[in-house]
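>>> kindly return the folded structure for what I paste below:
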Amino acid sequence: MPRRRRTWTRALLAVLMGFALLSGGAVAAATPGLPMPAGPTTAAPAGTASYDRFLQMLDQGQVESVVMAPDTLTVTLKDGSQVQVARVPDPQLLSRLLAANVTIWGAAAGSAASTASPTWMWWLIGLTVVAGLGGLLWAIGRRDPSGARTDGMRSPVEVEYRPTDDSSIRFSDVAGLARAKRELEDIVAFLRNPEAFRLLGARVPKGVLFEGPPGTGKTLLARALSGEAGAKFFEVAGAAFNEIYVGVGPKRVRQLFAAARKAAPAIIFIDELDAVGSRSTGQPHAEDVRLVTQLLAEMDGFSPLSGVMVVGATNRADALDPALLRPGRFDRIVSLEPPSRDERRAILELHMHGKPFAPDVDPRDWAEATVGMVGADLENMLNEAAIQAVRAGRKQIERGDLVEAYQRTVAGIASDRTLDPEERRRIAYHEAGHAVCGRAFGNQQLQYVSILPRARSGGQTVLLPPEHMLVTREEADARLVMLMGGRSAEIIACGSASSGAAGDLRAATALAHQMVADWGLGSHLTYEPESVGDEVEGVLASAQGRAMAILGERRAQLDALAELLLRHEVVAGEQADACMADAVFVPSAAD
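Predicted structure coming up:
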């Protein structure tokens, strides 16, 4: 007999046996004719009596026996007569009956005092249990030995992978990233015409890894790759493979690759690859190990000419399992860096196209002013400017809208907090201290200074560092002095520091630690882990001392800029520079 038929036969027998047992129990419990422990069969009671009268008869020794029911007492007297008494709560009744040597009985089934459950209740309980058991056996029987369903239905943990419909994005829709797009040209050619590669014996990578900070365009570039190659695009987040059920993640990996093979040419894009392919825990049966192993097996299992390309994206390439980066897996890594000035200009022009901007809005100026911003930041800034213009009822986006959008992007939305005069003065000196120290070295462009509270700070000083690939010791020291300038200005002008420098101290500590531990820019090349903290403390103390010295020499500029901020609250970089015309600092020999 086939295995599936034997399974169904056993399931059917189990259901029938359960139904028979439950039905028999229901009939036995609900049929009055079956023998049940009860009192003697007697005639109907001749009359009734009050409970007090019953107690009197009990004390006088007239009671022979009592049949007890929840609501009534059927009392047989020694002269053979019977009376029925309404039962009342009496915790001492049983002890009094035993003391009087009265025979005690329970109520007979089917008698007036019977409390047996109705037949329909037993039938309902039996049918519910049998139905539940049958449903469970049916669900088990619909699975094959491998655990897959055979009825065409999907369980809650299963998903169906389909390619996205949008294939209109091209490389021309991705501003900047010229080097990355050049790296992908041969992959586009392969997906368009794999036969040309086969004839020459060429092998293209099975997997491409996009690595870079958030917002640099990894997903957009993957979609453009699909659009250029005319390939189906399967997009999934790495976290989607993680489930509480053991084995579900590897099964989803198999389903995804199977769907891509059927739709070839196709691109499988796995965002947040580190969520599915991070370094394993070392336990061979752990779920993360199973997941990585299944992903490796799928990438090893398809032919390079099958028309399927796997593209992964991550912000943390160092966290990936090394096996994923070996040849035949993700063996081409494309690094996406924050855009340069020219790339920022191209991104701004792309997103500004077709929108009504005022004539004085020049993308070249904003490309200069947005050092460190990535493509997502720039697109969000332009969108916020458009929203600001709509909110103000204007027909075009003006420079002021972009200024507000830039400040929202950098420091968050404006706050409604009201500052008292002393606190406002402290913030003005704090921000003026940043500006004076930053401009003292002449290598950082001052964008604006503000004492308007925003979501993440009480004020803002935006200085644009030079766009260099390398960071020198002098540039790092200048950055540290600028960060410590706010706290130092508070000490000089207000007599003490405040919690307003908390963010500056975190940023300065992180930079100093990087200088010492990663860049070798401390007093020694290498350090023991326990000595790094002492060196970082020394670097920070030195930066604070230099900031105090600069502000002491330029106290007049510090006071002038603080007063300007108290009058106008927001001061543009050109205005601040005019206020600090003689602020260029020439380091002394001791520095």
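>>> other SSEs contacting the helix or strand where Glu490 lies?
According to DSSP states H and E, Glu490 maps onto helix 473-494. Counting by 3 or more C-beta pairs under 8 Å, 6 or more residues apart in numbering; DSSP states H and E, the packing neighbours recorded for helix 473-494 are helix 421-440, helix 502-513, helix 529-553, helix 555-568. Quick note: C-beta positions are derived from backbone N, CA and C, even for glycine.
>>> pull out the buried residues from that helix.
Residues 475-493 are the ones in helix 473-494 that count as buried (16 or more other C-beta atoms under 10 Å).
>>> extract the C-alpha set from that helix and format it as PDB.
What follows is helix 473-494, C-alpha atoms only, in PDB (Å, rounded to 0.1, in the frame of the first residue of the first chain):
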ATOM      1  CA  ARG A 473      47.300  65.600  11.400                       C
ATOM      2  CA  GLU A 474      46.900  69.300  11.000                       C
ATOM      3  CA  GLU A 475      43.400  69.000   9.500                       C
ATOM      4  CA  ALA A 476      42.300  66.600  12.300                       C
ATOM      5  CA  ASP A 477      43.800  68.900  14.900                       C
ATOM      6  CA  ALA A 478      41.900  71.900  13.400                       C
ATOM      7  CA  ARG A 479      38.700  69.900  13.500                       C
ATOM      8  CA  LEU A 480      39.200  69.000  17.200                       C
ATOM      9  CA  VAL A 481      40.000  72.700  18.100                       C
ATOM     10  CA  MET A 482      36.800  73.800  16.400                       C
ATOM     11  CA  LEU A 483      34.700  71.200  18.200                       C
ATOM     12  CA  MET A 484      36.200  72.200  21.600                       C
ATOM     13  CA  GLY A 485      35.700  76.000  20.700                       C
ATOM     14  CA  GLY A 486      32.100  76.100  21.900                       C
ATOM     15  CA  ARG A 487      32.800  74.700  25.400                       C
ATOM     16  CA  SER A 488      35.900  76.900  25.700                       C
ATOM     17  CA  ALA A 489      33.900  80.000  24.800                       C
ATOM     18  CA  GLU A 490      31.400  79.200  27.500                       C
ATOM     19  CA  ILE A 491      34.200  79.000  30.100                       C
ATOM     20  CA  ILE A 492      35.700  82.300  29.000                       C
ATOM     21  CA  ALA A 493      32.500  84.300  28.600                       C
ATOM     22  CA  CYS A 494      30.200  82.700  31.200                       C
END
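>>> once you drop chain neighbours, what's closest to the residue most central in space within the chain?
Nearest to the centroid of the C-alpha atoms of the chain, with distances taken as C-alpha atoms, centre = their mean, sits Ala239, at 9.1 Å. Ranked by C-beta to C-beta, 6 or more residues apart in numbering and with sequence neighbours excluded, the top spatial neighbour of Ala239 is Ala275, at 4.6 Å.
>>> gap between the helix or strand where the one you found lies and the chain center?
Taking DSSP H and E as the criterion, the element that holds Ala275 is helix 274-277. Using C-alpha atoms, centre = their mean, to the nearest Å, the distance from the centre of helix 274-277 to the centre of the chain it belongs to is 14 Å.
>>> for that helix, what is the average pLDDT?
Averaged across helix 274-277, pLDDT comes to 76.
>>> list the contacts of it.
237-239, 241-242, 249, 270, 291-292, 295, 312, 314-317, 319-321, 324 (C-beta atoms under 8 Å, 6 or more residues apart in numbering).
>>> quick check: Asp71 touching Arg87?
Yes. Between Asp71 and Arg87 a contact is recorded at 5.7 Å, counting by C-beta atoms under 8 Å.
>>> between those two, tell me which one has more neighbours.
For Asp71 and Arg87, the more surrounded residue by other C-beta atoms under 10 Å is Arg87, and the numbers stand at 16 against 11.
>>> Thr74 sits in which helix or strand?
When secondary structure is defined using DSSP H and E, the element that contains Thr74 is strand 72-77.
>>> in that strand, what counts as buried?
For strand 72-77, the neighbour count (16+ other C-beta under 10 Å) marks 72-76 as buried.
>>> likewise for stretch 249-256?
Neighbour counts using 16+ other C-beta under 10 Å place 249-253, 256 of stretch 249-256 among the buried residues.
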